[in-house]
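1. Here is a sequence with its predicted model. Questions after.
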Amino acid sequence: MGYNFRPVERDQQYLLPPSLRDWLPEDDLAWLVLDAVGEMDLGPIHARYRTDGWGAPAFDPAMMTALLLYAYATGERSSRRIEARCRRDIAYRVICANQVPDHATIARFRADHEAALGHLFTEVLRLCGAAGLGSLGLVAIDGTKLAADASRHASRGARALDTEIERILAEAAAVDAAEDEQLGPDRQGDELPAGLTERSSRLARLQEARRQLAEADAERQRRAEGDLLRQRERKARHEHAGKTVKPDAEHRRRWAERNTTDPDSRMMIGGSGWVLGYNAQAAVAEDGLILAAELSQAPGDAGQLVPLVEATQANLRAAGLRGRIGTLLADTGYWSQANFEAVETIGRTRLLIPPRRGPRPGSPHPPRPGAERMRRRLARAPDRARYNRRSAIVEPVFGQIKEIRGIRRFRRRGLGACASEWRLICASHNLLKLWRTSRASRPPSPPPRARQPDRRQDHHSPRG
């Protein structure tokens, strides 16, 4: 008696073309992404393609958009790994219909349609709103630091940048002189040496970093006169208390540096120390839907409150979501008297934010009326209970992005490119929210009916 195994025929040819619909269950995330992209307005993406039919055929932009959205939703952002998954992963093969765009095509599509891919956030928000998501009674905002695609050790000060620029220019001049001596002043070689091309690219980044430092120096010089008196008063208070302030403190030196790989990135304090990156802001509804996603170079959050509220309301209008924000929740880092007055007048939004510590007893500075009003508001039990919901609303969103999907660092470089990627990350988060909601609301399929035994044979069979 031999084993009874299923046959394994790897060389068996299909008699009929297989249907991709049989490869994944109906409630798989890939199908929802494809359906969502089918409902989106991809006009800005199609506008970059020729309409006369000439040239080599390109990959369908809807397919490429769905590929990026699904890849970001599953935490995959490397163009090379996405290409590999298009060969090996069933869901990726379904999205691409068994086509395999190479990693250069994927990276080029993401870079060429940078602005349009960022605007997909509003399209996804519109679909989520149509599905009933987006509770505006409580909206919490917060920021998190995401690392840049650059090394902290590539940051340089003004003097180091000037030295490096002079060295590269001198090296380029020496190469030019050697080529002139070898080829003659009126002759040109077939192509420049690869080393010179790389130096030209690096030189452009160094010069951009140096330009930003010059602008920062000019801004500091403009504010120097107004800040000088406050610095002297602060120094006098510290000396009176027996403390010393080091003029060359570590954080001061890092603010006066620029990164040669990503000059737009900044050194910021994150949850685990210094981070070279960007300040990613998000406004989150009570049901976990992200309503706005903005990116900033500012290390602090106070200056991001009003722009984030305005962006949230603009997104709600663009997505067709009716209603207004009932109560806005923010932590102390967003507090300022100007923010309190501005938010209370924008769309009649009620703000709950603990103010910073008031003046000490005996201080000549009078207490701010907005701070006292906010303290009285938070002293009431209903408002205190509402504010206690803040961390439970917004913090899980950052946890899912960083811990579950492993997105802690940007793949793009530059403020504009990283802002587009941050909106794409948040759009894929909303797609996951829409997918889980649709699965939870789907009625369970009825269990198969038990087969009733056929008693006709027993009824008519002769008795023994």
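-> The structure has been received and is ready for your questions.
2. so which helix or strand takes in residue 82?
-> helix 79-88 (DSSP states H and E).
3. quick check: mean pLDDT across the very next helix or strand once past that helix?
-> Helices and strands here follow DSSP H and E; after helix 79-88, the next one along the chain is helix 90-96. Mean pLDDT, helix 90-96: 93.
4. do the same with stretch 326-346
-> Rounded mean pLDDT across stretch 326-346 is 88.
5. Only alpha carbons, please: show it as PDB.
-> C-alpha atoms of stretch 326-346 as PDB (Å, rounded to 0.1, in the frame of the first residue of the first chain):
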ATOM      1  CA  GLY A 326     -16.300  70.400  17.900                       C
ATOM      2  CA  THR A 327     -13.300  70.400  20.300                       C
ATOM      3  CA  LEU A 328      -9.600  70.500  19.400                       C
ATOM      4  CA  LEU A 329      -7.200  68.700  21.800                       C
ATOM      5  CA  ALA A 330      -3.500  69.600  21.900                       C
ATOM      6  CA  ASP A 331      -0.700  69.200  24.500                       C
ATOM      7  CA  THR A 332       1.200  72.000  26.200                       C
ATOM      8  CA  GLY A 333       3.800  72.200  23.400                       C
ATOM      9  CA  TYR A 334       1.200  74.000  21.200                       C
ATOM     10  CA  TRP A 335       0.200  76.600  23.800                       C
ATOM     11  CA  SER A 336       0.600  80.300  23.200                       C
ATOM     12  CA  GLN A 337      -1.700  83.300  23.700                       C
ATOM     13  CA  ALA A 338      -1.800  83.900  20.000                       C
ATOM     14  CA  ASN A 339      -2.700  80.300  19.200                       C
ATOM     15  CA  PHE A 340      -5.500  80.400  21.700                       C
ATOM     16  CA  GLU A 341      -7.000  83.500  20.300                       C
ATOM     17  CA  ALA A 342      -6.600  82.400  16.600                       C
ATOM     18  CA  VAL A 343      -8.100  78.900  17.000                       C
ATOM     19  CA  GLU A 344     -11.100  80.100  19.000                       C
ATOM     20  CA  THR A 345     -12.000  82.300  16.000                       C
ATOM     21  CA  ILE A 346     -11.300  79.800  13.200                       C
END
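6. Need the residues that contact that stretch.
-> 136-143, 300-302, 304-306, 309-310, 313, 349-356, 368, 370-371, 374, 386-387, 389-390, 393-394 (CB atoms under 8 Å, 6 or more residues apart in numbering). Yep, even glycine has a C-beta here, placed from its N, CA and C like the rest.
7. out of these, which are buried?
-> Applying 16 or more other CB atoms under 10 Å to the contacts of stretch 326-346, the neighbour count classes 136, 138-143, 301-302, 304-306, 309-310, 313, 349, 351-355, 368, 370-371, 374, 386-387, 390, 393-394 as buried.
8. So residue 282 sits against residue 395, correct?
-> No. Applying CB atoms under 8 Å, one finds residue 282 not in contact with residue 395, separated by 10.6 Å.
9. overlap in contacts of these two?
-> Residues touching both residue 282 and residue 395 (CB under 8 Å, 6+ apart) are residue 142.
10. Neighbour count for these two, which is higher?
-> Using other CB atoms under 10 Å, the more surrounded residue of residue 282 and residue 395 is residue 282, with 24 against 14.
11. now, which of the contacts of stretch 326-346 lie within helices?
-> Taking DSSP state H, the ones among the contacts of stretch 326-346 that sit in helices are 305-306, 309-310, 313, 370-371, 374, 386-387, 390, 393-394.
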